[in-house]
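Visitor: Have a look at this prediction, sequence included:
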Amino acid sequence: MTDGLVVAIATAGRAELLHRTLLSLSRCRKPDIFRGVVVVENGPKGDAEEICRSFASDLSLRYEYTQRANKSNALNRALDTISDCLVFFTDDDVRVHPGTLEAYACASQGTETKQFYGGPVAVDYEKPPPAWLKQYLPYSVGGWTFDGDSEDLDDEDLLFLGANWTGFAADIREVGGFDPAYGPGSRTGRRGQEKDAQRRLWRNGCERVYVPDALVWHYVPRDRCTPQWALDRGYQTQRAVGAMQAETGRGVFAVPRLCLGLSRAILRRGIRVFSPDPRMRFDAEYRLRVYLGYLQGHIDWFQ
């Protein structure tokens, strides 16, 4: 039996949203293996410590602080305080379903290592994006659920969203924890520290398990539902993908396709920039940003 279940949250400058997240956790049904919550504030200090104090008793909550503004470093700090137990990683801007902790505890019953878990992510919009824009937005903004079969879980590129996944601390430490080169506060600005960790877990022999009853809602502010944000995020997402593929050597085989795709994207943008349809102009710009991000990811890795 696992040593317990701990919730780990990195937070920075979002006190009101953190309060909302902790309130939802306080309303969750607690399985017998629940051991508490660790919140690590990183960067300039805000009101997180005071908010955590108000939930300390109800959630057996422990507050930690690191001056370095880096989410991966904050998650590693959380791991340093946790025994070899099951860790539910979530964000400071989610709302957790009352049955989520129970669902993860049930899924991991009888297992102590070599598995990691993930559940669906729904969305709480401040203001929904235009319908046409949703296809360009990441799952963290549009929501995600797994609708494949068990064989799809063997696909290396199928990874759970960072706001809702669970793994064993011992397994994560074994693969080196979270890489500070990824995520908010990283030197490169690349996204995806959780997906990078999950990919290393999978390569180290850990099995992926989807838990449909482990649901969270991700809060999405209106400024993440704009065309400009979609362009910037598309670039950053592919930048992370490019760096990961360069690291594994897979990017070498993609160079000819990358060059061809980039050439087409430049040509398409040059033609559509004169289109009277703003959606066509956006689509051309988005496709170009995706290729440029992927290329930049390779450059990041080789530097």
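Guide: Yep, that arrived.

Visitor: Sketch out the low-pLDDT regions of the stretch 201-303 of the chain for me.
Guide: Counting by pLDDT under 70, the stretch 201-303 of the chain shows low-confidence ranges at 247-255, 258, 303.

Visitor: and the longest strand for the protein?
Guide: strand 34-42 (DSSP state E).

Visitor: can you pull the contacts of Gly293?
Guide: 234-239, 241-242 (CB atoms under 8 Å, 6 or more residues apart in numbering). For every residue, glycine as well, the C-beta is placed using N, CA and C.

Visitor: Need the three-state assignment for it.
Guide: Judged by DSSP: H, G, I helix; E, B strand; the rest coil, the three-state class of Gly293 is helix.

Visitor: Would you mind getting the angle between the helix or strand Phe89 falls within and strand 34-42?
Guide: Using DSSP states H and E, Phe89 sits within strand 86-90. Angle, strand 86-90 to strand 34-42, by axes from the mean of the first three to the mean of the last three CA atoms, to 10 degrees: 40 degrees.

Visitor: chain center to the next helix-or-strand element following strand 86-90, what's the gap?
Guide: Towards the C-terminus, the helix or strand next in line after strand 86-90, according to DSSP H and E, is strand 94-96. Taking CA atoms, centre = their mean, to the nearest Å, one finds strand 94-96 lying 14 Å from the centre of the chain it belongs to.

Visitor: Name the surrounding residues that touch strand 94-96.
Guide: With CB under 8 Å, 6+ apart as the contact definition, strand 94-96 has outside contacts at 20-21, 24-25, 28, 90, 124, 163-164, 215-219.

Visitor: which helices and strands sit right next to the helix or strand following it?
Guide: On the C-terminal side of strand 94-96, the closest following helix or strand by DSSP H and E is helix 100-107. With contacts defined as 3 or more CB pairs under 8 Å, 6 or more residues apart in numbering; DSSP states H and E, the packing partners of helix 100-107 are strand 5-11, strand 86-90.

Visitor: Quick one: mean pLDDT for the helix or strand that helix 100-107 is followed by?
Guide: Per DSSP H and E, the first helix or strand lying C-terminal to helix 100-107 is strand 115-118. Strand 115-118 shows a mean pLDDT of 96 in the predicted model.

Visitor: who's the closest residue to Asn164 other than its chain neighbours bridged to?
Guide: In space, and not counting its chain neighbours, Asn164 is closest to Val216: 4.6 Å by CB to CB, 6 or more residues apart in numbering. According to DSSP bridges, the residues that bridge with Val216 are Val96, Val121.

Visitor: Now do the same contact list for Val216.
Guide: Residues touching Val216, when contacts are defined by CB under 8 Å, 6+ apart, comprise 90, 94-97, 100, 119-122, 163-164.

Visitor: are any of those buried, and which?
Guide: Buried members of the contacts of Val216, scored by 16 or more other CB atoms under 10 Å, are 90, 94-97, 100, 119-121, 163-164.

Visitor: Fine by me, thanks again.
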